[in-house]
Every structure is written in C-alpha cells, then in structure tokens.
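J.: Can you look at this prediction? I've put the sequence above it.
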Amino acid sequence: MLSAGEAVMAEAVLLLGTRKGLFVARSENDRKTWSVSSPQFPDIAVYAVGIDSRSDPVRMFASITSQQWGPSLAHSDDLGATWTEPARSPVLFPEFTGTSLERIWQIQPGCSAEPGVIYAGTEPSALFRSADGGTSFDLVRSLWDHPHRPKWEPGNGGQAIHTILPHPAEPDRGLVAMSAGGVYRTEDGGETWDPANQGIRAEFLPNEYPEFGQCVHKVAADPADPDRLYLQNHGGVYRSDDWGRQWRSIADGLPSDFGFPVITHPSRTETLYVFPLGDGTPDAARMPAEGRCRVYRSADGGGSWQPLGAGLPEQRFWVSVLRDALSTDGGDPAGIYLGTRDGQAYASADEGETWGLVAQHLPDVLSVRACTVS
C-alpha cells in the first residue's frame, strides 16, 4: 500500500521516460541510493508516465511512441518490473474526427470519488477518459467539439493537452491546459468547457491578453486549496486563487519568467517549485541562468523565491528541464525529482534542500513520476 505521509517508507519508485526508453529507479533506504533498471521499451520515446496510487496494486502507465508501430499506452501492476503492451492502442481517435493520434502527452488518475477513472491528454489536443483503469478510453466529445478548437495552434512541441487537473473533491469540476490554446475548465462533468485565461499574457499575439491562445506550459494545484492554482507560461509565472477565473503574476524574484515545469508540494500549502530558463531578457537563450542547475521554491505562494542547488551542477549547465520532468513522490518529507535533457536524473529526499544523482548518461529525459510504497 502507498505510504502517502509516513516519515519512513520502505521503498521509493521513480519512472524516467526518455526519448529512447523507460528506466525504473528504486530506492530501499529512504531515497539515499538508487538502483536503475536497463531500458524498457528500448529506442521508443516515452513522452508521459503516470502512477495511479488509488488502485491495489498500484498501476503505472507509460505513453510509448514507436517509430514503426505508432503511439500506445502500456501499464504495469508490479511497480514497473514488467509491462503489458496492448496489441491495439487503448487511446484512439474515432473515425468521424478525421484525425489520428500523434502521441499521448499526459496520463492522470481521476479524483478519489472516481476509482478506475484515468484521463489521457493527447496530440492533437484532445481529452480521453477511461472508466476501467486505463484498459480502454473514450474521447471527451464536448471538448473536441468546442468552437475554439479549429483556432488552437501548435506550440514548438506540438498542439497537445499536457495538463489535466481533476478537482480532488468535486468530480464535476476539472481543468485542462494545452500548448497553444490555454486553460479550459468544466463545472458540469465535462458537458461544457470555458476558457480560463484572464490575466495570462500571450506576448506573441497582437492582442497580448486574448480569451484563449496562450502557450501554457504547465499548471499545478495547491494541496490544501485546489482552487489555488499555479501556472508556468511561455513567458510568465502566475497564480490564481479562484480556480482560473483570474491570474496574476508571481514572477518577481525569479531570474526569468520563462520555463516549462511547475509542481506543488504534496501536502504543504502555498509551496511550489519551478525551473527557470534564461536571464529575464527578451532575447535570452532558453538555458539556466548563469549556467547553473537550480530549482526555485516558494513557500508563500509566489511571494518570494529561494534557489535550491546543493548537489546540483554549479557550472556550465546549459540544458533544460521539460514540463513533465519535475515531480514529487507524495512522501513526508516530500521527495522532489528532476530529469534533464542531457540524460541526468536527480532526487532530493528533503524537499529540495539537497540533491543526489540517481542516474546519468540516459537519453533525453521527457517525463518523471514517483511514488513511495510500504
């Protein structure tokens, strides 16, 4: 069973999705040292990984994109030791859409009131829902039929839904975000969807504050108040206290407002983490400021920021961390994990204060998820 809040856990499991396979890392000594598997799905890109800790046993997911066979979704019920890959992808666009699946960018369990419900976000931008633990999925037709959809544009990484946030207490409420299209919310179980982008800047559009069209990179919810959201944009770090109705900047104190990931502490309110890129100038390269690998943490909801780098590379670090390559494991104290585009993975067992190397010389790390088990 999961040890969601215990001070000592028997084991931590870390999934590392890379451009050439999936690696499973395990730690049996309170996340101090790690053993790393050989690549599973070798030479296949794993754009998303997911963990459903509500199920018994824990079910893990890997979005696999084969150059030969196309995209699919595999799952594991033994903490990543073995994987079941279906003969036919469980996520498929219906024929009437006239389109095909490019890849699965996000795998997200539903709320606790909906056991067995799993969501998938795809490219092209669409939301799929499973009611059987991820064995089969149906297209959420209401979002696909949204009148804005023909005007959604691809970001540099493609036109994809990369964030899915089911409301933890109210099954009828949910939120998705995409590049490029912005944030959309439902309050009626997915019957209708409304854009929720007021205050988010789109500097690349003639109207810099449009109703939709923003290149949102990631959204995370506060553990104590799910109506409090944090958003990393393509230029801009934002906070909303009313579930996306209005956003305000919290970028002051960061070296740059550009970056990809944002995560929240699993139990501590108003605590969030980002990985800034650039030095704040409009033409800055998308590299860490000063060539240093640093995660920034705020313990006051974005009012102030603290750089965290003890144990991370201090010099000549010029690579980025992608939107799903920063994660937490839900433990107490929380483990924080990051994967880099040059194939390094780091873990912090003390909520970001200090870091240790999990693996190096991996392929480009695309996605990271972790859990603790007892």
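T.: Great, that's in hand. All of these numbers come straight from a predicted model, not from anything done at the bench.
J.: How confident was the prediction at Ala284?
T.: pLDDT for Ala284: 75.
J.: now Val8
T.: 51.
J.: The one 5 residues further on too?
T.: The predicted local distance difference test score for Val13 is 97.
J.: The helix or strand it falls within: what's the following helix or strand?
T.: Following DSSP states H and E, one finds Val13 within strand 11-18. Per DSSP H and E, strand 11-18 leads on to strand 21-27 as the next helix or strand towards the C-terminus.
J.: Buried residues of that next one, list them for me.
T.: Buried positions in strand 21-27, judged by neighbour count with 16 or more other Cβ atoms under 10 Å: Gly21, Leu22, Phe23, Val24, Ala25, Arg26, Ser27. Where you see a C-beta, it was placed from the backbone N, CA and C, and this is true even at glycine.
J.: Tell me who's in contact with the first one.
T.: The one in question is Gly21. Pro39, Gln40, Phe41, Pro42, Asp43, Ile44, Val46, Pro363 (Cβ atoms under 8 Å, 6 or more residues apart in numbering).
J.: hmm, back to that, how about the buried residues of strand 21-27 in TSV, adding pLDDT and distance to Arg245?
T.: TSV is the format used below for those (pLDDT from 0 to 100; distance: Cβ to Cβ, whole Å):
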residue	pLDDT	distance to Arg245
Gly21	97	42
Leu22	98	38
Phe23	98	40
Val24	98	40
Ala25	98	40
Arg26	96	42
Ser27	94	41
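J.: Which residue is the nearest non-sequential neighbour of Arg173?
T.: His167 (3.7 Å; Cβ to Cβ, 6 or more residues apart in numbering).
J.: So the one you found sits against Arg185, correct?
T.: No: contact criterion Cβ atoms under 8 Å: His167 and Arg185 do not qualify, at 9.4 Å.
J.: before we move on, back to that, list the neighbouring strands of the strand holding Val13 plus their orientation.
T.: strand 21-27 (antiparallel), strand 365-373 (antiparallel) (DSSP bridges).
J.: Can you check which of these gets nearest to Ser125?
T.: strand 365-373 (18.0 Å; Cβ to Cβ).
J.: next one: that closest one to chain centre, how far?
T.: Mean-position distance between strand 365-373 and its chain equals 10 Å (Cα atoms, centre = their mean, to the nearest Å).
J.: list the buried ones in it?
T.: Val365, Leu366, Ser367, Val368, Arg369, Ala370, Cys371, Thr372, Val373.
J.: Of the residues you listed, which pair is most distant in space?
T.: Across those (Cβ to Cβ), the longest gap, 23.8 Å, separates Leu366 and Val373.
J.: Reformat the buried residues of strand 21-27 as CSV; add distance to Phe61.
T.: Output for the buried residues of strand 21-27, formatted as CSV (distance: Cβ to Cβ, whole Å):
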residue, distance to Phe61
Gly21, 15
Leu22, 10
Phe23, 15
Val24, 13
Ala25, 17
Arg26, 18
Ser27, 21
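J.: Specify the beta-bridge partners of the residue nearest the centre of the chain.
T.: Closest to where the C-alpha atoms of the chain average out (Cα atoms, centre = their mean) is Asp324, at 3.7 Å. For Asp324, the beta-bridge partners under DSSP bridges are Ser367.
J.: All further residue positions should be reported with the first residue as 10.
T.: Got it, first residue is 10 now, which makes that one Asp333.
J.: hang on, it packs against Leu375?
T.: Yes: between Asp333 and Leu375 there is a contact at 6.9 Å, judged by Cβ under 8 Å.
J.: Tell me who's in contact with Asp87.
T.: So Asp87 contacts Pro66 (Cβ under 8 Å, 6+ apart).
J.: can you do 10 Å?
T.: Pro66, Val67, Arg68, Met69 (Cβ atoms under 10 Å, 6 or more residues apart in numbering).
J.: Sticking with the closest residue to Asp236 other than its chain neighbours, tell me its helix or strand.
T.: The shortest distance from Asp236 to any non-neighbouring residue, by Cβ to Cβ, 6+ apart, is to Trp252 (4.2 Å). Counting by DSSP H and E, there is no helix or strand that carries Trp252.
J.: what's the spacing between Gly253 and Gly30?
T.: Taking Cβ to Cβ, to the nearest Å as the measure, Gly253 falls 36 Å from Gly30.
J.: isn't there a strand covering Glu299?
T.: No: counting by DSSP: H, G, I helix; E, B strand; the rest coil, Glu299 is not part of a strand but helix.
J.: Compute the number of surrounding residues for it.
T.: Other residues near Glu299 come to 11 when the count uses other Cβ atoms under 10 Å.
J.: ok so, going back, looks like the residue nearest to the centre of the chain contacts Ile113 (just checking).
T.: No: in this structure Asp333 lies outside contact range of Ile113 using Cβ atoms under 10 Å: 11.5 Å.
J.: show me where the stretch 60-209 of the chain has strands.
T.: Here the stretch 60-209 of the chain has its strands, by DSSP state E, counting those that start in this stretch, at 68-75, 79-85, 112-118, 127-132, 135-139, 147-148, 169-175, 183-188, 191-195, 203-204.
J.: Dump the ones you listed into CSV; add mean neighbour count, distance to Ser265 and mean pLDDT as well.
T.: Output for those, formatted as CSV (neighbours: other Cβ atoms under 10 Å; distance: least, Cβ to Cβ, whole Å; pLDDT from 0 to 100):
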stretch, mean neighbour count, distance to Ser265, mean pLDDT
strand 68-75, 24, 29, 96
strand 79-85, 21, 33, 96
strand 112-118, 25, 24, 97
strand 127-132, 26, 26, 98
strand 135-139, 23, 31, 98
strand 147-148, 16, 37, 98
strand 169-175, 25, 20, 97
strand 183-188, 28, 18, 96
strand 191-195, 23, 21, 98
strand 203-204, 16, 26, 98
